[in-house]
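# The following comprises the amino acid sequence and a computationally predicted model.
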Amino acid sequence: MDEGALPSNHLDRWNGRANLKLILSPNLDAVANVGYVTGRSYVDREGGGSAQSVLGGAIQSLPLLRNGPTRGFVGAPPEAILAAFTDYQDLDRFIGGINLNHRPFSWFSHRITAGTDVVHEENVGLVPRLAPELQAFFGRTGLGLKQVDVRNVTTVTADYAGTVTWNVSPRLTSNTSFGAQYYRNFIQFLTTRGDEFPAPGVTTVSSAAVITGAENSVENVTVGSYVQQQFGWNNRLFLTAAVRADDNSAFGQDFDFVVYPKFSASWVVSEEPFWPRSLIGAMKLRAAYGRSGQQPLAFSSLRTFTPTTGPGNRATVWPAFVGNPDLAPERGEEIELGFEASALAERLAFDVTYYHKRTKGAILRRAVAPSSGFAGNQFVNIGEVRNRGVELMLNATPIRAQRIKWNLGATLATNDNKITDMGGLPPIATGIFQQHRLGFPVAANFGRRVVSADIDATGRAINIMCDGGPDNGGQVVPCAQAPLVFLGRITPKYEGAVTTTLTLFDRLTLFAMVDFKDNYTVFDGNINNRCYSRRLCEDNLFPERDPIAAAQHQNGIYGQSVFQDMSFAKLRTISASYDVPGQWVRPFGASAGTVTLSARNLHTWTGYWGIDPENSGLERGDESFGINQGQMPMLSQVLLSIRLTL
């Protein structure tokens, strides 16, 4: 059970899990596992810019109207929203699997794994027929509605893997692996909705005056196989080569299958006689090259038609999507270089990785010629994206004594992505002011950048000038003539964490972690609704404080004020764990025990003006976009747990 920040938000959930291992013979064993989760979670309706969200209504509130019927809130006061809207999700999930391991010979072993994951999910949104005093806030919605969205997901996996080991010589070992996988995912969507209940207390869909419904399903199947060969020399130099072939149901009918090769090498150079162990205790070098892929969305390669009503009210179809029989997966080619090392008697350890990935045949939408009889776009493999970055890990032990040990850790990951080819296509809009544009990050933010403005005696912005972009040599131009310019990427360029662990007397462990994300911007829907739509924000009421922001809000110029920097650092976790002495827990039938007190999400350091910068960065279908609007922030938590080993 978990209580949220609002009365409408709480969770009741039960889960259980069981594992069983059978030793059927000295060379055959079986492992079975089952898990089940069930429960209901009530959530606050997140409307952001509507009267249906407590948080959205509060963010857009106007104190000047506090004496009105809504008390300054947007649409309705919080108690009216809580009385009107009930939103909950019922979840039932079963997970089961079995694993057979067989070792018929000392040099050969193989295994078979099969499993299923079955999810039944019902999302219910209910508004009963409201009393007249509440109907005044919600209009026609106050007459009642109920919508039930059912999602049934069935996933089936099967995997076979075999391994042959062979000592070619005392120094040379061989390991050959091969296998095959099968994956099937089937999703069924059912939606039914009823509007306008005849009387209070009646809340079934079938009793509504207007009933609508829809049904849809998506199926995806992948079949793959692989073979891998590894050689080891003196247990310090390892060479690996592998190849994998995949076929997927989303591929175009004229595209058969895809092959992904892989090569890697690692060398434990510190095991060599020439290595100066007094300086660096351990050193492992590694390099890898491989190809991988991302399958298209289901049905994106198929020619489809939309059912509609034709002449004489007869059912007919209308061309919807032209499809692409040659549609292939996006194929990435990556090189990775790195090393692992330790020094100072293993008090200092670090791991460094550099990667460079180029995705070819990225799937983009291309406009379809009207003469084809189909409107809209077609998915085609014409894009190319470059990703590169560095991943760093550092672990240090400044103090290591008999009764005290202090450990420090840090991680840093960078990512720099850029579209290097769009097949001649112009910029493609992917969401709210995001675009795929040649030479820029994927789905980057674009808008007009206001560089100067003045405020006249009436409070209106005048003399508004904008960034003219590279085509104008960096000169400023009137904003009406200004192009859209780059205003930031929607994914962090830098992210990482810092941890510290202090262990006292081998029993008490103190832990803390701060993580961070940096250098990314998101479209702020809260600013948009307050400043652009309702003209209620401080920059509009006191324009002289920030003429540039006021100029954007007053004239509907979507510029830098609405694209907010979401960089932040967060005190994610602090905890204290105590290993209870055995004699304290033996009366309870246990051999050992641990008591842990922890707290999460305690503080956030950020320049973002809003509630929580972490509530941003969403993905919808094949379109990526970033937005922060009317969402409940991550709550601070304090947890006490007791673990006993029987």
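Cool, the structure landed. Residues are numbered from 1 along each chain as shown.
# Outline the domain layout of this structure.
The chain is divided into the following domains under automatic domain parsing: 1-42+96-103, 46-84, 116-132+141-167+178-227, 234-425, 491-520+566-646.
# in its sheet, what does the helix or strand encompassing Ile187 sit against?
Secondary structure here is read from DSSP states H and E; on that basis Ile187 sits in strand 172-195. For strand 172-195, sheet partners with direction are given as strand 145-167 (antiparallel), strand 210-233 (antiparallel), following DSSP bridges.
# Give the bridge partners for Lys357, please.
Glu334, Asn387.
# Give the burial count for it, as a bare number.
Using other Cβ atoms under 10 Å as the criterion, Lys357 is surrounded by 19 other residues. Any C-beta I mention is one placed from the backbone N, CA and C, and that applies to glycine too.
# ok now do it, which residues does it touch?
With contacts defined as Cβ atoms under 8 Å, 6 or more residues apart in numbering, Lys357 is in contact with 332-335, 386-388.
# Recalculate using a threshold of 6 Å.
Lys357 makes contacts with 332, 334, 387, as judged by Cβ atoms under 6 Å, 6 or more residues apart in numbering.
# List the buried residues in stretch 73-88.
Burial within stretch 73-88, assessed by neighbour count using 16 or more other Cβ atoms under 10 Å, is assigned to 73-78, 80-88.
# Mind listing the residues bridging to Phe108?
Note on Phe108: beta-bridge partners by DSSP bridges are Phe105, Val164.
# scratch that, Gly383 is what I was asking about
With DSSP bridges as the criterion, Gly383 is bridged to Ala362.
# any idea how far it is from Gly423?
Applying Cβ to Cβ, to the nearest Å, one obtains 6 Å for the distance of Gly383 from Gly423.
# Low-confidence regions, the stretch 451-600 of the chain specifically.
Counting by pLDDT under 70, the stretch 451-600 of the chain contains low-confidence residues at 534.
# the bottom helix or strand of this structure by mean pLDDT?
For the chain, the helix or strand with the lowest mean confidence is strand 618-620, at a mean of 50 (criterion: mean pLDDT, DSSP states H and E).
# before we move on, the earlier item: dump the strands paired with strand 172-195 into JSON lines; add distance to Asn526 as well.
Shown next, in JSON lines, are the strands paired with strand 172-195 (distance: least, Cβ to Cβ, whole Å):
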{"stretch": "strand 145-167", "distance to Asn526": "26"}
{"stretch": "strand 210-233", "distance to Asn526": "32"}
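# Those: which one's closest to Gly589?
strand 145-167 (38.0 Å; Cβ to Cβ).
# List the buried residues in that closest one.
Under the neighbour-count criterion of 16+ other Cβ under 10 Å, strand 145-167 has 145-151, 153, 155, 157, 159-163 buried.
# and the buried residues of stretch 73-88, which of them are in helices?
Among these, the residues falling in helices (DSSP state H) are 78, 80-84.
# Report the residue spans of the stretch 1-150 of the chain with pLDDT below the cut-off.
Per-residue confidence for the stretch 1-150 of the chain (pLDDT under 70) gives these ranges: 1, 45-52.
# Now do the strands in it.
Taking DSSP state E, counting those that start in this stretch as the criterion, the stretch 1-150 of the chain contains strands spanning 2-3, 10-25, 28-43, 86-105, 108-127, 145-167.
# which one of these lies closest to Asp546?
When these are compared by Cβ to Cβ, strand 28-43 sits nearest Asp546, at 35.8 Å.
# Mind listing residues that contact that closest one?
Under the contact criterion Cβ under 6 Å, 6+ apart, strand 28-43 has outside partners 8-23, 87-102.
# now the angle from that strand to strand 108-127?
Relative orientation of strand 28-43 and strand 108-127, computed by axes from the mean of the first three to the mean of the last three Cα atoms, to 10 degrees: 20 degrees.
# how deep is the nearest residue to Gly96 once chain neighbours are set aside tucked in, by neighbour count?
Spatially, and ignoring its direct neighbours in sequence, Gly96 is nearest to Val34 (4.7 Å; Cβ to Cβ, 6 or more residues apart in numbering). By the other Cβ under 10 Å criterion, the neighbourhood of Val34 contains 14 residues.
# Kindly state the beta-bridge partners for Val34.
Ala18, Gly96.
# thinking Asp195 is in contact with Gly144, fair?
No - in terms of Cβ atoms under 6 Å, Asp195 does not count as a neighbour of Gly144; the distance is 7.3 Å.
# buried stuff in whatever helix or strand Val352 lives in?
Counting by DSSP H and E, the element that carries Val352 is strand 348-367. Residues of strand 348-367 classed as buried under the neighbour-count rule (16+ other Cβ under 10 Å) are 348-349, 351, 353, 355, 357-366.
# returning to that earlier point: give me the more crowded residue out of Asp195 and Gly144.
The residue with more neighbours, out of Asp195 and Gly144 and counting by other Cβ under 10 Å, is Gly144; that gives 25 against 18.
# Who are the contact partners of that one?
Contacts of Gly144 (Cβ under 6 Å, 6+ apart): 127-129, 197.
# Compare these and tell me which is most surrounded.
Each of the contacts of Gly144 was scored for neighbours by other Cβ under 10 Å, and Val127 scores highest at 24 neighbours.
# What are the contacting residues of stretch 93-113?
27-37, 114-119, 159-165.
# run the last query once more with 8 Å
With Cβ under 8 Å, 6+ apart as the test, stretch 93-113 has contacts from 27-38, 114-120, 157-166.
# Other residues contacting the lengthiest helix in the chain?
Secondary structure of the chain read by DSSP H shows that its longest helix is helix 547-555. Outside of helix 547-555, the residues that reach it under the criterion Cβ under 8 Å, 6+ apart are 450-455, 459-461, 464, 479, 531-532, 535, 537, 539-540, 543-544, 557-562.
# Stretch 6-16 too?
For stretch 6-16, contacts defined as Cβ under 8 Å, 6+ apart pick out 1-4, 35-45, 54, 82, 85-87, 91, 632.
# Pull out the buried residues from those.
Listed as buried from those are 39, 41-45, 54, 82, 85-87, 91, 632; burial here means 16+ other Cβ under 10 Å.
# Could you check how far Val205 is from Thr86?
Between Val205 and Thr86 the computed distance is 14 Å (Cβ to Cβ).
# just Tyr355 next, same as before
Between Tyr355 and Thr86 the distance is 48 Å, computed by Cβ to Cβ.
# same question, Asn123
Here the distance between Asn123 and Thr86 works out to 12 Å (Cβ to Cβ).
# Gln434 now?
In terms of Cβ to Cβ, Gln434 sits 34 Å off from Thr86.
# now Ala214
For Ala214, the distance to Thr86 (Cβ to Cβ) stands at 22 Å.
# about what we covered before: as CSV, the ones in helices among the buried residues of stretch 73-88 with distance to Tyr578 would be great.
Output for those, formatted as CSV (distance: Cβ to Cβ, whole Å):
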residue, distance to Tyr578
Pro78, 42
Ala80, 48
Ile81, 44
Leu82, 41
Ala83, 46
Ala84, 48
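# Of those residues, which pair is most distant in space?
Taking every pair in these and measuring Cβ to Cβ, the maximum separation is 10.8 Å, between Pro78 and Ala84.
# Which pLDDT value belongs to Phe251?
In this prediction, Phe251 carries a pLDDT score of 88.
# tally of neighbours for it?
By the measure other Cβ under 10 Å, the count of residues near Phe251 is 22.
# Kindly report the same for Ile95.
Going by other Cβ under 10 Å, the residues that sit close to Ile95 add up to 16.
# I'd like the distance between it and Asp117.
The gap separating Ile95 from Asp117 is 5 Å, by Cβ to Cβ.
# pLDDT averaged over stretch 160-177 - what is it?
The predicted confidence, averaged over stretch 160-177, sits at 95.
# got the contact list for it?
107-113, 178-181, 226-235.
# if we go to 6 Å?
In this structure, residues lying in contact with stretch 160-177 by Cβ under 6 Å, 6+ apart are 107-112, 178-180, 228-234.
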